[in-house]
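**Student:** No letters, just coordinates:
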């Protein structure tokens, strides 16, 4: 049956999933004014210029996730 589905839809267990095409926003709090590096599945996603936390330590970024499970790490 999976062969009848459009390419962007895939089967995971009994459910069908459509991967995200638009960016996903992530955010957090670190030491104020720290530079933040974001890794998705081990690959550096940090943009140029760097992500820098504000004076309260808040930061945010937009990332693209791959279909299936993703691991997000922040340094």
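**Tutor:** Structure received. Every value quoted in this text rests on a predicted model; they were computed, and no experiment measured them.

**Student:** pLDDT score assigned to the most centrally placed residue in the chain?
**Tutor:** Most central in the chain under CA atoms, centre = their mean is residue 63, positioned 4.1 Å from the mean C-alpha point. Residue 63 carries a pLDDT value of 85.

**Student:** Leaving out the residues flanking it, which one is nearest to it?
**Tutor:** With sequence-adjacent residues excluded and distances taken as CB to CB, 6 or more residues apart in numbering, residue 63 is closest to residue 45, at 5.2 Å. Heads up, the C-betas are built off the backbone N, CA and C, glycines and all.

**Student:** ditto for residue 60
**Tutor:** Nearest residue to residue 60 in three dimensions, chain neighbours excluded: residue 27, at 3.9 Å (CB to CB, 6+ apart).

**Student:** What strand or helix carries the one you found?
**Tutor:** Following DSSP states H and E, one finds residue 27 within strand 24-29.

**Student:** Quick check: mean pLDDT of that strand?
**Tutor:** 90.

**Student:** I'd like to know which elements that strand is packed against.
**Tutor:** strand 58-63, strand 72-74 (3 or more CB pairs under 8 Å, 6 or more residues apart in numbering; DSSP states H and E).

**Student:** let's see it at 7 Å
**Tutor:** Using 3 or more CB pairs under 7 Å, 6 or more residues apart in numbering; DSSP states H and E, the elements in contact with strand 24-29 are strand 58-63.

**Student:** I would like the residues contacting the strand holding residue 27, please.
**Tutor:** 57-63, 65, 72, 74 (CB atoms under 7 Å, 6 or more residues apart in numbering).

**Student:** which parts of that strand are buried?
**Tutor:** Judged by neighbour count using 16 or more other CB atoms under 10 Å, the buried positions of strand 24-29 are residue 26.
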